[in-house]
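Student: build the 3D model from these lines:
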Amino acid sequence: MSKKHQTLGEFIIENQQAFPYSSGELSRLINSIRLAAKVVNHEVNKAGLVDITGAAGDTNVQGEQQQKLDVYANQKFIQTLTNREIVCGIASEENDEYITIQGHNNDHKNKYVVLMDPLDGSSNIDVNVSVGTIFSVYRRVTPVGTPVTMEDFLQPGNLQVAAGYIIYGTSTMLVYTTGHGVNGFTLNPAIGTYYLSHPNMKFSEDGNIYSINEGNYAQFPQGVKDYLKYCQADEGDRPYTSRYIGSLVSDIHRNMIKGGIYIYPSSSKYPDGKLRLLYECNPMAFLAEQAGGKASDGFKRIMDIKPNELHERAPFFCGSKNMVEKAEEFMQKAKTK
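Tutor: Just a heads-up that it's a prediction; the model follows:
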């Protein structure tokens, strides 16, 4: 039974038997993410003191300008996961293609692939707003002993074995699931240890916060516009409160704790949505469902979508179950008009 203030290491050991295909690798993988997060956290907290903020001068495959901390975080997570010899492949928002990883004996015996957004919301670093790391873990589907292929990464979210995020904010937290609920661990920076601070995290079924970039209202589909009018109507327990940070990790984290919905819909500018299905939507959807919430593209379950591309985008509605279902109602009504 998990206990509050238990360390992350103790929690992993105590719950290892609950991991699918338990043989220790998934525990070591979570430990590797924990270590890399501590290193990145150290740099994020120094961001105003050293030359690590601002643009790196390159753009990633999404056409977005890379920040120096994006590049740094990407390198640290890849380095840590590679050195521990647990994963056979990594896909990152910052890399055009997936990375194949061999063991020290040039073998391909590792069983897991990791997909990640190493520093979500990094454009907020310069203004001291919370940022985060998102990760998603699958068992490979190609034969062990062979190099990974694209097939190992293009799996629907319902096959994830673990997912989580790290939020670098007023405190640093690692929140993750292996399919047995969601638990949050807060870093004590004085001793470098994560402690269980938020056991069994849950979305409330209803909420009163909606998180969306309303500046793009004119570009939204009619169903989203109608739902926003519903949120703003002065009826019953409404109007709801609008809260939008612009950092996916921060917005989802707040809504999980306080109850709410996060929406990044399709738009005339981004007809397929802007968020990436594999390393943003799927891991957050897995966490949301494990916390009693719901995640949808406005019409169907996010984790049932079969991906076709590594950097595929999807519209995203995620949060308290009743709020997501109400948004889906408005989307369906607008579609059938």
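
Student: check which element follows the helix or strand hosting Pro118 along the chain.
Tutor: Here Pro118 sits within strand 112-120, counting by DSSP states H and E. Using DSSP H and E, the helix or strand that follows strand 112-120 in sequence is strand 131-139.

Student: burial count for His42?
Tutor: The tally of other residues near His42 (other CB atoms under 10 Å) stands at 14. For every residue, glycine as well, the C-beta is placed using N, CA and C.

Student: and the pLDDT at it?
Tutor: According to the model's per-residue confidence, His42 sits at a pLDDT of 81.

Student: now the helix or strand harbouring it and strand 131-139, what's the angle there?
Tutor: Following DSSP H and E, the helix or strand that holds His42 is helix 25-45. Taking axes from the mean of the first three to the mean of the last three CA atoms, to 10 degrees, one finds helix 25-45 and strand 131-139 inclined to each other by 160 degrees.

Student: name the helices or strands packed onto helix 25-45?
Tutor: Secondary structure elements in contact with helix 25-45, counted by 3 or more CB pairs under 8 Å, 6 or more residues apart in numbering; DSSP states H and E, are helix 8-15, helix 68-83, strand 112-120, strand 131-139, strand 162-168, strand 172-177, strand 182-188.

Student: quick one: closest of these to Pro199.
Tutor: strand 182-188 (5.6 Å; CB to CB).

Student: residue contacts, Ser250?
Tutor: 121, 129-132, 167, 169 (CB atoms under 8 Å, 6 or more residues apart in numbering).

Student: give the contact list for the residue nearest in space to the middle of the chain.
Tutor: Within the chain, one residue has its C-alpha closest to the average C-alpha position: by CA atoms, centre = their mean, that is Ile134, at 3.6 Å. Applying CB under 8 Å, 6+ apart, we find Ile134 in contact with 116-117, 120, 163-165, 248-249, 279-280, 283-284.

Student: how about 6 Å then?
Tutor: Contacts for Ile134 (CB atoms under 6 Å, 6 or more residues apart in numbering) come out as 117, 120, 165, 280, 283.

Student: could these go into a markdown table alongside distance to Lys258 and pLDDT?
Tutor: Compiled in a markdown table, the contacts of Ile134 are given as follows (distance: CB to CB, whole Å; pLDDT from 0 to 100):
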| residue | distance to Lys258 | pLDDT |
| --- | --- | --- |
| Asp117 | 23 | 95 |
| Asp120 | 20 | 89 |
| Tyr165 | 17 | 98 |
| Glu280 | 21 | 98 |
| Pro283 | 20 | 98 |
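
Student: quick one: low-confidence ranges for this structure?
Tutor: Screening the chain residue by residue with the criterion pLDDT under 70, one finds the ranges 1-4, 18-23, 46-67, 104.

Student: mind listing what's buried along stretch 282-300?
Tutor: Of the residues in stretch 282-300, those buried under the neighbour-count criterion (16 or more other CB atoms under 10 Å) are 282-298.

Student: many thanks, have a good one.
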